[in-house]
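# Need coordinates for the below:
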Amino acid sequence: MVTNLTGIVVSYNTRQLLDECLKSVTKFYPDLPIIVIDGSEKTNPCYSYIPKFKNVTKIQVGYNIGHGAGMAMGIAMAKTDYVLIFDSDIVMKKAPIEKMMKLFEPNTFGVGEVVKVPQSTYGIQVGDGSDISCLHPYFHIINKKVYAQFLPYVHSGGPTALTSIDIYRRGLSNIILKDFPKLREYIQHDWRGTRDLSPEDFNKGQIRISDYFPKEVNSLITVVMIDSRSDKHPDWVQTAINSVKKQTYPVKLLVINNIGRKKTIGECWNEAVRHIKTPWVFFLGDDDWITPDLCGLFAYYIQRPDMQHAVSFTTNMTVYRENQEDTRSKELPRPHTGCWKLEYLKKYPFNEKLLKGIDREYIEEVEKRGDTKILIHYHAGYHYRQHDDYSIAGKIELKYEQPDIYINSRYPIFIQPFVKYLKDKGESVVVDNHPFEAWMAEKARTIWCDWGDSNAVLISKYKTKAKKILRIHAYEVFEPTLHYIDLDAFDTIIFVAQHIKDYAELVLQRELKNAIVIPNGVDTDGFTIPDNKEVNNNVCYAGELSRKKGIGLLMLLGKHFSAYNFHIAGKFNEPDVAHWFHERKPKNVYLEPYSYSLNDFFKDKSYIVNTSLREGCPVTMLQGMSAGLKPISYEWVGVENMPFYRFNNLNTFTRLLLDVEPEIYRNQIIENYNIENIYPKFENILNGNNISKYRNKIQNTGKSRFSVGITGGS
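The predicted structure is shown next:
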């Protein structure tokens, strides 16, 4: 008897197939709970013909939800730790589940038939270009807790692809995906698909799921395209339109004629908004195109209950180049305009005076309002055509260099100041925030990986004569990816804090002899203390607003200290946290956009707080001190090594709202964390100089006046 397992099957008009499938599965496993996600037409629901299986739950969604999204819905509904996913066109010949379950280890994602899929199938180029391991969707078991750590099943046609690519990019495919040998001896798969097709269908050529949507189904999304190029590039425009027609999710298409380019983008977009009836609007360039499942991806997120407060969804672009032999696509480090809530566009129209950059300006205004945009990390989706005939939108320059110093960082903001420092000295440096591609680093004398993520896994395996450097900031040491990085492959590992290095060695159960500690640096010239600054009741916080940053504690402080104003320059990455914040924030808490000029944000503040549960060497706190703010931090592990006042209860926090001394805080940063002191150490590492004097060294701030005897109180 199998326990702690739920079966999931997605159906669309597969009456006979589903009946045979369920009979065969329940013959071997009569007590297995099964959820049927039914995308059949409302006039022909599956519950009208499925026999009364005692443990089968039928969910009719009312439209063709698609294979991947249906699987994701079933997974979310299942109350067991493990989920068996199978197609409606399978027949079980022997019982395989017990043997499959024995292959699970604590970190195993899933067990089934593992197939190798060329990257070209997905239009991507990742790592060394090797095939991607995927769990074939027709019959496999997953661990829900491990599944939740990766991107969800969302596709139709290749429903496990997005998740498999995410696993591959983290270097975990061969570790957490388990192949079950000879699965086809147990399961007969007839490849009939999730819908019944007549013989005539196979003579039509390409079959689109959108052809089979019930006519009464109302789409959620209208795709808007401004036609300003069909007079010169009709093939480009037709490519864009065809990509809309091929969507697996039914959408409406609205084309705004702007031949001659007499209207601005803002005028065209506002005109479109006035004519649209669907609740969501997706903007597509007339020289670009989208993959068939992109609108289905948006529809999946749009309908999620926890995403209802979001005003926008988007993905990153994928660029491809015109008229070049090298046609490999590459992710662009910026999102496209994306999919927007219609009522939001009506409330906040586009600026009709702008000729270009209108979407950038609009997004900046959204951030100032503190409204929630969701960036979905997606492998393809929106393809951007790089060419020379740019009109209203302006040209995006993409430079492909092979530098002396190659730096890979998913979060370039942490490394850009050092890059500027190097370039000012005449160094050839490129920062790449995409998945690591060896060809970009093949001529580099130094490869710097500025985060202990999946790129570090790939770089550690890359064979090269170049010097390899890895910098680990903080949270990477708490992620499983740390165990898959060959840390010995790096000449030097830089930790930003001693306590982060200590924790890494604790979990790895060994000393990292190639590791040193160099804290983050701050450009103190970029922060100033205003003349005649007076102490006031303004408290500030800058950075991400999330669970790990302790937003609940931050709101508690705001509620408890009502005489103080709490100014937050931040952004949300968790939609449920954003919803909770807007519903529950006290009146004395003010949300502002994450400012590019934090010095201006700091000018009228007296305190900067940090409520994180864990940090390494938090840059914004150091920047606040450079501007003369009193640093007050929750007592996370390792904070005793930082120049912050610490609290672990409200009484202590009360006592810290006294005795503000701006010059002392700034001088502490100048002496210990100024980039003039930090960056020469980095440069010495790049040049291969002796690093022994930096090893296991940290700033002598652990016993400073900032941290002694201030955590007590009841």
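
# report the longest strand in this protein, please.
The single longest strand within the chain, with elements called by DSSP state E, is strand 132-143.

# elements contacting the following helix or strand past that strand?
For strand 132-143, the succeeding helix or strand toward the C-terminus, using DSSP states H and E, is helix 144-147. Judged by 3 or more Cβ pairs under 8 Å, 6 or more residues apart in numbering; DSSP states H and E, the packing partners of helix 144-147 are strand 82-86. To be clear about C-beta, it is placed using only N, CA and C from the backbone, and glycine gets the same treatment.

# where's Glu20 relative to Asn55, distance?
18 Å (Cβ to Cβ, to the nearest Å).

# Repeat that for Gly266.
Gly266 is 56 Å from Asn55, by Cβ to Cβ.

# of these two, who's got more company?
Per other Cβ atoms under 10 Å, whichever of Gly266 and Asn55 has more neighbours is Gly266, with 20 against 14.

# Tell me who's in contact with the more buried one.
For Gly266, the contact set (Cβ atoms under 8 Å, 6 or more residues apart in numbering) comprises Pro349, Phe350, Asn351, Glu352, Lys353, Leu354, Ile358.

# Would it be right to say that it lies in a helix?
Yes - according to DSSP: H, G, I helix; E, B strand; the rest coil, Gly266 belongs to a helix.

# per-residue pLDDT, it?
Among the per-residue scores, Gly266 shows a pLDDT of 91.

# cool, and the one 3 residues further on?
Here, the pLDDT recorded for Trp269 equals 93.

# Over to Ile207?
30.

# Could you list everything the residue lying closest to Tyr607 once chain neighbours are set aside pairs with in the sheet?
Once flanking residues are discounted, Tyr607 sits nearest to Val539: 4.4 Å by Cβ to Cβ, 6 or more residues apart in numbering. Legend: beta-bridge partners of Val539 under DSSP bridges are Phe566, Tyr607.

# Return the residues in contact with Val539.
Here Val539 is in contact with Leu557, Phe561, Tyr564, Asn565, Phe566, His567, Lys605, Ser606, Tyr607, Ile608, Val609 (Cβ under 8 Å, 6+ apart).

# which one among those residues gets closest to Leu591?
His567 (8.5 Å; Cβ to Cβ).

# nearest spatial neighbour of the closest one, skipping sequence neighbours?
That would be Cys540: by Cβ to Cβ, 6+ apart, it lies 4.6 Å from His567.

# Might one say that that neighbour is in contact with Asp600?
No - applying Cβ atoms under 8 Å, one finds Cys540 not in contact with Asp600, separated by 11.7 Å.

# which one of the two has more residues nearby?
Cys540 (24 against 10).

# Counting neighbours, what do you get for Gln498?
19.

# Can you give the domain ranges for the protein?
5-189, 218-386, 405-517, 529-681 (automatic domain parsing).

# Asp523: which of those domains is closest?
Nearest of those (Cβ to Cβ): domain 529-681, 5.1 Å.

# measure that closest one end to end?
Separation of the first and last residues of domain 529-681 by Cα to Cα, to the nearest Å is 27 Å.

# Show the average pLDDT along stretch 653-665.
94.

# Pull out the buried residues from it.
Of the residues in stretch 653-665, Phe653, Leu656, Leu657, Val660, Pro662, Tyr665 count as buried by neighbour count, 16 or more other Cβ atoms under 10 Å.

# Point out where the stretch 51-200 of the chain drops to low pLDDT.
51-52, 62-63, 120-128, 155-157, 191-200 (pLDDT under 70).

# can you give me the helices in it?
Counting by DSSP state H, counting those that start in this stretch, the stretch 51-200 of the chain has helices at residues 67-77, 97-101, 144-147, 161-169, 173-176.

# One more: the stretch 401-550 of the chain?
Under DSSP H, counting those that start in this stretch, the stretch 401-550 of the chain gives helices at 416-424, 438-441, 454-461, 498-508.

# Quick one: closest of those to Tyr320.
It is, among the helices of the stretch 401-550 of the chain and with distance given as Cβ to Cβ, helix 438-441, at 16.2 Å.

# Reformat the domains of the chain as a markdown table; add distance to Gly688.
Putting the domains of the chain into a markdown table (distance: least, Cβ to Cβ, whole Å) gives the following:
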| stretch | distance to Gly688 |
| --- | --- |
| domain 5-189 | 27 |
| domain 218-386 | 30 |
| domain 405-517 | 7 |
| domain 529-681 | 13 |
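
# In this structure Gly543 contacts Lys549, no?
Yes - with contact defined as Cβ under 8 Å, Gly543 reaches Lys549; the gap is 6.4 Å.

# Looking at those two, which one has more neighbours?
Neighbours were counted for Gly543 and for Lys549 using other Cβ under 10 Å; Lys549 has more, 22 against 18.

# Surely Ala489 is in contact with Lys468?
Yes - between Ala489 and Lys468 there is a contact under Cβ under 8 Å: 6.2 Å.

# Who has more neighbours out of those two?
Lys468 (22 against 16).

# residues contacting the more buried one?
Thr446, Ile447, Cys449, Ile459, Ser460, Ala489, Phe490, Asp491.

# Any idea what it is bridged to?
Ile447.

# Tell me the predicted confidence for Ala578.
Checking the pLDDT column for Ala578, the value is 77.

# Dump the helix or strand containing it to CSV, restricted to CA.
For Ala578, the host element (DSSP H and E) is helix 575-584. Only the C-alpha atoms of helix 575-584 are listed here, as CSV (Å, rounded to 0.1, in the frame of the first residue of the first chain):
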residue,chain,number,x,y,z
PRO,A,575,3.6,39.3,-3.8
ASP,A,576,2.0,38.0,-0.6
VAL,A,577,4.3,40.2,1.5
ALA,A,578,3.4,43.2,-0.7
HIS,A,579,-0.3,42.5,-0.2
TRP,A,580,0.1,42.1,3.6
PHE,A,581,2.2,45.3,3.7
HIS,A,582,-0.4,47.5,1.9
GLU,A,583,-3.2,46.1,4.0
ARG,A,584,-1.5,46.3,7.4
